[in-house]
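*Asks:* need a 3D model of the sequence below.
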Amino acid sequence: MADEKTIKEKHMKLIPVMTERSKRIWAATEALALGRGGISVVSRATGIHRNTIAKGIGQLESPETLAPDRIRRQGGGRKRSSVIDTTLIEDWERLIDPVTRGAPESPLRWTCKSVRKLSDELERKGRAR
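*Replies:* A predicted model of the protein is given here:
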């Protein structure tokens, strides 16, 4: 389909300069311009998930706008692991405390264990990566 090829070419040229938000809004405008079936065409041409394009359409049609310097609304995105699992920091502290070096008053601490070894130990204790 000619539309798919054209959209793919545009997408490849714009990718280096687009943010997550601008990519979503651009894909939504392309889908709306195509009309019925536009989301599917744009999704196939760009590899952007249909839900992302639909979210972009919702943002275009919504009176609520984000500040120009924002990519997502406040609170959007993946949550920190320490917020999801409240005991993670305590378990981490227990693992590094015996092998920690440095001045006790300093917030900077050194450990002899690598991140991979610490991660493996947490995984053995039942935590997923």
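*Asks:* chain center to the lowest-mean-pLDDT helix or strand in the chain: distance?
*Replies:* None of the helices or strands of the chain scores lower by mean pLDDT, DSSP states H and E than strand 100-101, at a mean of 72. Counting by C-alpha atoms, centre = their mean, to the nearest Å, strand 100-101 is centred 33 Å from the centre of its parent chain.
*Asks:* list the helices and strands that strand packs on?
*Replies:* With contacts taken as 3 or more C-beta pairs under 8 Å, 6 or more residues apart in numbering; DSSP states H and E, strand 100-101 sits against strand 110-111. Where C-beta positions appear, they are placed from N, C-alpha and C, glycine not excepted.
*Asks:* one step back: direction included, what does the least confident helix or strand of the chain pair against?
*Replies:* Using DSSP bridges, the strands paired with strand 100-101 are strand 110-111 (antiparallel).
*Asks:* now the element after the strand it pairs with, going C-ward?
*Replies:* Next along the chain after strand 110-111, taking DSSP states H and E as the criterion, comes helix 115-124.
*Asks:* which other helices and strands does that following helix contact?
*Replies:* In terms of contacts (3+ C-beta pairs under 8 Å, 6+ apart), helix 115-124 is packed against helix 88-96.
*Asks:* which residues are contacting stretch 49-61?
*Replies:* 24-29, 31-32, 39-40, 42-43, 65-66 (C-beta atoms under 8 Å, 6 or more residues apart in numbering).
*Asks:* swap the cut-off to 10 Å and go again
*Replies:* 20-32, 38-44, 46, 48, 64-66, 73 (C-beta atoms under 10 Å, 6 or more residues apart in numbering).
*Asks:* just the CA atoms of stretch 44-64, as PDB, please.
*Replies:* Extracted C-alpha coordinates of stretch 44-64, given in PDB (Å, rounded to 0.1, in the frame of the first residue of the first chain):
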ATOM      1  CA  ARG A  44       2.200  -1.600  10.500                       C
ATOM      2  CA  ALA A  45       4.300   1.000   8.800                       C
ATOM      3  CA  THR A  46       6.000   2.300  12.000                       C
ATOM      4  CA  GLY A  47       5.900  -0.500  14.500                       C
ATOM      5  CA  ILE A  48       4.200   1.800  17.000                       C
ATOM      6  CA  HIS A  49       1.600  -0.100  19.000                       C
ATOM      7  CA  ARG A  50      -2.000   0.500  18.200                       C
ATOM      8  CA  ASN A  51      -2.700   1.500  21.800                       C
ATOM      9  CA  THR A  52       0.000   4.200  21.700                       C
ATOM     10  CA  ILE A  53      -1.500   5.600  18.500                       C
ATOM     11  CA  ALA A  54      -5.000   5.600  20.100                       C
ATOM     12  CA  LYS A  55      -3.600   7.300  23.200                       C
ATOM     13  CA  GLY A  56      -2.100  10.000  20.900                       C
ATOM     14  CA  ILE A  57      -5.500  10.500  19.200                       C
ATOM     15  CA  GLY A  58      -7.100  10.900  22.700                       C
ATOM     16  CA  GLN A  59      -4.500  13.500  23.500                       C
ATOM     17  CA  LEU A  60      -5.200  15.400  20.300                       C
ATOM     18  CA  GLU A  61      -9.000  15.400  20.900                       C
ATOM     19  CA  SER A  62      -8.700  16.200  24.600                       C
ATOM     20  CA  PRO A  63      -8.900  19.800  25.800                       C
ATOM     21  CA  GLU A  64      -6.300  19.000  28.500                       C
END
